[in-house]
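I need the structure of the sequence given here:
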Amino acid sequence: MVLDVMDSASGPASELLSQIVEGMVEIIGSAKEVFLKKCCFQELALYLERIVPVLKELNAKDLGSSEGLTNAIEILNREVKAAKRLTADCATRNKVYLLMNSRNITRHLQDISREISRAIGLLPMATLDLASGIFEDITGLCDEMQRAEFKASVAEEEILERIESGIQERKVDRSYANSLLAQIAETVGISKERFVLKKELEEFKDEIENAKLRKDQAEAIQMDQIIALLERADAASSPKEKERKYFTKRRSLGSQPLEPLQSFYCPITRDVMVDPVETSSGQTFERSAIEKWMAEGNNLCPLTITPLDTSVLRPNKTLRQSIEEWKDRNTMITIATMKSKLESEEEDEVLGCLGQLEDLCLQNDQHREWMVLENYIPVIIQLLSSKNRDVRHNALDILCILAKDSDDAKERVAHANNAIELIVRSLGRRTGERKLAVALLLELSKCNKVKDSIGKVQGCILLLVTMSRSDDSQAAADAKQLLDNLSFSDHNIIQMAKANYFRHFLLRLSTGPDDAKFMMASTLAETELTDHNKASLYDGGVLSPLLHLVSSDDIHMKTVAVKAIRNLSSLPENGRKMIEQGIVRPLLDILFRHGSSSSSNLREQVAVTIMHLARSTVSQEESSPVPVSLLETDEDTFMLFSLVNLTGPAVQQRILQTFQALCHSPSASYIKIKLIESSAVQALVQLCEHENSDVRSNALKLFCYLVKDCETEIIMEHVGKEYIDTLVKIIQKSDDTEEAVSALGIISHLPEEPQIITEWLQDSGALRVIFKFLQDKTKKNDPHKNQLVENAVGAMHRFTLPTNLERQKKAAEIGLIPVLVKLLDSGTTTLTRKYAATCLAQFSQSSFSLSQQLTRHKGMLWCFSAQHDPGCIVHGGICTVESSFCLVEADAIRPLVRVLEDPDFGVCEASLDALLTLIEAERLQCGSKVLAEADAIPSMIRFLSSSTSCPSLQEKALCGLERIFRLPEFKLKYGQSAQMPLVDLTQRGSHHVKSLSARILAHLNVLHDQSSFF
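Below you'll find the predicted structure:
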């Protein structure tokens, strides 16, 4: 209800009090709607809320009539009206205007509060029958309201102080006005957008015009000064308006600079004054000059020689303003006439002009604005293509100064031809130029209209990422801040990720909208990441948001997330961490449950990922306390392998590769057992003839890993002649070397008993087919060559068994033995040399029986006949490589002895087996001599050393030496060197080793042949 009708307290007191109460209630409600000083209005409202019940109770009493009551009601009427008016103003008037009047508002609120308190104190409380508690409450409330202090907020005070300082010190810098206007916007709660600020300033000007109409001249003058200060801000007028005003003023000045007036010079320094002050003599001097004059003890005026009051120095504001206007006029003309010099072909002239312009820029903000309005920016931008790095450096310097705190300058830079490209090019140059370029780009990125074009320049983000890791802390910080500013664009974020800068990428993947998450995951899925990239992403927490996307109901989102995980999981370290974080279960669930054609791509991606995870378990460190395992349950193993028969070739291939990897992991034994139990042999044998070459090849490879662990019964149940024929055809005709390697590996590991498998191989022509791979005709650069040869030699083992001479002869006839001898030296793998030595040992076991006995001549004249063949020095008969498989004839002895130096004890043992065939039975004397000539015996003695970790090799060496040391000549030659190792074995070896060692020591006459060691 409006209180304006209460022109006096003439009406009945109860009616007037009712209207006052209604007014207070209205103020209490309106206090919530004010724009500014909300806390102060709410404080007043709290006081009024406590007063209203008191007034209502008073109104219920018989108030009567008294002077005190009349005065109280008049005061309350007046102050409530004022408070209501003030509340309405602060809820409707311009926010900037209210802020500028915030001190008056708080003072007015304080006065209202105290006057209301005084009015309450005038009420005739004592004459009324009020409860004692109410009376005490009223007294306390009045005291509180009298003491209450309403103050402007810290932020408001800071703004008002900055405004006063700017007016007093005549600050005309645009940057000062921009920062002040931004601070005002933040304080009053409005947007910092240019059009919003411009609208607020226009409304502020309207308020000032209203103040003039109210003839409030003091307020109008003060507000005009504030407007003059704020109009320097960019938001106050459009670039077009500024340009129009500037050129209007500049054209009015003429084209030639003016000489300074005589009054501008300081009589002491003879220079144009900067801070002119007037002394007590009425003369004006430069402040620093006259202060120095007085400090030196001079108390007479330098011009009038009259006494000076040294305490009086008055700023000559009028003269200072005239000097500044003269300087501004000349500077404006100078700036307008210098641009043509920048286009000179003389580099010295260009550098001089740039230096002069930079000095002008640094003097004040107004000079920078004039340069922008004179359209210097496009000209300076083109200087960035100069070959002279000093020119480029100075140009960047000036551009940095011009762009700072000026959206107009930033936009002009962006519109200049190739501007951003030229600036970005400087990012790749020397340190100083690079620092200026990134600082300039950082400043430009603060303007929304400009920053969009920065990230689009080719190579820009890559250079920024590189700089963000530089040793120069300032350049690195600027580069990081610039990358932050460019992260508004998903395109930029993707470019950052491709440059190995993932901070914004990971944030977007985690918290962005679904379309952004899809884009980030797609990028991760398709990008060729380095191992370092993959590790950085994982350490940055990429898995969690990707797993969240995997759980999405959207099949496309789920697929792209799995593809991203697939890409990351190819790094073994990541794969193991993923397994530990529980990724396997959701992947297996997808693989087991998504069987529709629409999700075939998803299943393929999951299968590849699981394969990567399986491979990651292979390369675990032995020191790892608990090895990471991919498949934790039998059911998972069975179900995963069962998909080999239920899916398409792409998934089949990956599942087979998964189990190949697991067969090399710490859980290999478990996996092989479970595969064999799940009828994997049958499935793999069938897949050997699969039409898809990749599936077939991987099935062969997995079977190759399983076959040596399979029981003979299982092998014979599923492997028949047809399968053997297929293997031989693959070896013979496949263009895939790896496939041939696997087929040969299967053959090498198939059981040798029963011999039916070897017969099937022989019938299918496998001997010659396999032999071709031992003739060194494979490509030298073939990565599978060594494994191919190794498996081929292993497959030959069954054809060299001494139990079947016919097979041995066929193997010898095709030239196998010389090839095996050659492999002793040229074999690049341990198993190749071991298999070769083993085959030679098997051949040699048959040599004595195959050696053709010499024909002995009879009669007196046999000595006159032709010289007879002395025969083999070991076997005593006629030996050839092909007929008797003689190691001596094959020149195999020294290669076998060299193999005894191999670091692998298995290879040494196989070689020793072959050499020991030369000293069996009656061949001891001759065979020992051959071994001695080839220096085999020292190697055998070396095997006796207690440091060896191969007991079987020790025992074989002991057996051989026990026979050799039966012969005196060898006992004499080698006995001394063998004595200490033998003594050591009698103390440390097993019972059998001790017995053998003691027997040899007995041969050497160290122990009695009746010793208890026997």
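
give me phi/psi at residue 935?
phi 60, psi 40 (degrees, to the nearest 10).

Low-confidence stretches in the stretch 851-1000 of the chain?
Counting by pLDDT under 70, the ranges of the stretch 851-1000 of the chain that qualify are 855-869, 946-949.

can you map out the helices along it?
881-884, 893-899, 905-916, 924-933, 936-942, 951-964, 968-988, 991-1003 (DSSP state H, counting those that start in this stretch).

Is it possible to get a markdown table of those that adds mean neighbour count?
In short, each C-beta sits where N, CA and C put it, glycine included. Shown next, in a markdown table, are the helices of the stretch 851-1000 of the chain (neighbours: other Cβ atoms under 10 Å):
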| stretch | mean neighbour count |
| --- | --- |
| helix 881-884 | 20 |
| helix 893-899 | 22 |
| helix 905-916 | 24 |
| helix 924-933 | 19 |
| helix 936-942 | 20 |
| helix 951-964 | 20 |
| helix 968-988 | 16 |
| helix 991-1003 | 19 |
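
Can you add distance to residue 681 and give those helices back as a markdown table?
Formatted as a markdown table, the helices of the stretch 851-1000 of the chain follow (distance: least, Cβ to Cβ, whole Å):
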| stretch | distance to residue 681 |
| --- | --- |
| helix 881-884 | 38 |
| helix 893-899 | 35 |
| helix 905-916 | 27 |
| helix 924-933 | 45 |
| helix 936-942 | 42 |
| helix 951-964 | 31 |
| helix 968-988 | 45 |
| helix 991-1003 | 39 |
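
looking at those, which is closest to residue 384?
Closest to residue 384 of the helices of the stretch 851-1000 of the chain is helix 905-916 (Cβ to Cβ; 69.0 Å).

Give me the packing partners of the closest one, helices and strands only.
Packing partners of helix 905-916 (3 or more Cβ pairs under 8 Å, 6 or more residues apart in numbering; DSSP states H and E): helix 830-845, helix 893-899, helix 951-964.

ok, back up a step: among the helices of the stretch 851-1000 of the chain, which comes closest to residue 404?
helix 905-916 (75.7 Å).

Extract the CA atoms of the closest one and return them as PDB.
The C-alpha trace of helix 905-916 is given here as PDB (Å, rounded to 0.1, in the frame of the first residue of the first chain):
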ATOM      1  CA  PHE A 905      74.200 -78.200 -22.000                       C
ATOM      2  CA  GLY A 906      71.600 -80.000 -24.100                       C
ATOM      3  CA  VAL A 907      73.500 -79.300 -27.300                       C
ATOM      4  CA  CYS A 908      76.800 -80.400 -25.600                       C
ATOM      5  CA  GLU A 909      75.200 -83.600 -24.400                       C
ATOM      6  CA  ALA A 910      73.900 -84.400 -27.900                       C
ATOM      7  CA  SER A 911      77.300 -83.800 -29.400                       C
ATOM      8  CA  LEU A 912      79.000 -85.900 -26.700                       C
ATOM      9  CA  ASP A 913      76.500 -88.700 -27.400                       C
ATOM     10  CA  ALA A 914      77.700 -88.700 -31.100                       C
ATOM     11  CA  LEU A 915      81.400 -88.600 -30.100                       C
ATOM     12  CA  LEU A 916      81.100 -91.400 -27.600                       C
END
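
In terms of secondary structure, what does the helix ranked longest in the chain contact?
If you go by DSSP state H, the chain has its longest helix at helix 67-92. Counting contacts by 3+ Cβ pairs under 8 Å, 6+ apart, helix 67-92 is packed against helix 13-30, helix 38-59, helix 102-122.

Let me know the average pLDDT across the last one.
Taken as a whole, helix 102-122 has an average pLDDT of 88.

same thing with the second one?
Predicted confidence along helix 38-59 averages 84 (mean pLDDT).

what's the angle from it to helix 13-30?
160 degrees (axes from the mean of the first three to the mean of the last three Cα atoms, to 10 degrees).

In helix 38-59, which residues are buried?
The neighbour-count check on helix 38-59 (16 or more other Cβ atoms under 10 Å) flags 40-41, 43-45, 47-48, 51-52, 54-55, 58-59 as buried.

Kindly report the same for stretch 165-179.
For stretch 165-179, by 16+ other Cβ under 10 Å, it's 166, 171, 172, 173, 174, 175, 176, 177, 178.

Confirm for me that residue 775 is in contact with residue 820.
No: if you go by Cβ atoms under 8 Å, residue 775 and residue 820 don't touch, sitting 11.9 Å apart.

Neighbour count for the two, which is higher?
residue 820 (28 against 13; other Cβ atoms under 10 Å).

Secondary structure element for the more buried one, which one?
Element membership for residue 820, per DSSP states H and E: helix 816-826.

That helix vs helix 830-845, what angle?
140 degrees.

Check which helices and strands helix 816-826 sits against.
helix 785-796, helix 830-845, helix 881-884, helix 893-899.

And those: which comes nearest residue 303?
Comparing these by Cβ to Cβ, helix 785-796 comes nearest, at 105.3 Å.

for the very next helix or strand once past the closest one, which positions count as buried?
The C-terminal neighbour of helix 785-796 among helices and strands, as given by DSSP H and E, is helix 805-813. For helix 805-813, a neighbour-count test (16+ other Cβ under 10 Å) marks 807, 808, 811, 812 as buried.

do the same with stretch 765-785
Applying 16+ other Cβ under 10 Å to stretch 765-785 flags 766, 767, 769, 770, 771, 773, 774, 778, 784, 785 as buried.

pLDDT for those - can I get that in JSON lines?
Below are the buried residues of stretch 765-785 laid out as JSON lines (pLDDT from 0 to 100):
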{"residue": "766", "pLDDT": "93"}
{"residue": "767", "pLDDT": "93"}
{"residue": "769", "pLDDT": "93"}
{"residue": "770", "pLDDT": "92"}
{"residue": "771", "pLDDT": "92"}
{"residue": "773", "pLDDT": "86"}
{"residue": "774", "pLDDT": "86"}
{"residue": "778", "pLDDT": "55"}
{"residue": "784", "pLDDT": "82"}
{"residue": "785", "pLDDT": "87"}
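
ok, those residues vs residue 293, which is closest?
residue 784 (98.1 Å).

residues in contact with the closest one?
Residue 784 makes contact with 737, 738, 741, according to Cβ atoms under 8 Å, 6 or more residues apart in numbering.

In helices, which of those residues fall?
Using DSSP H, the subset of the contacts of residue 784 located in helices is 737, 738, 741.
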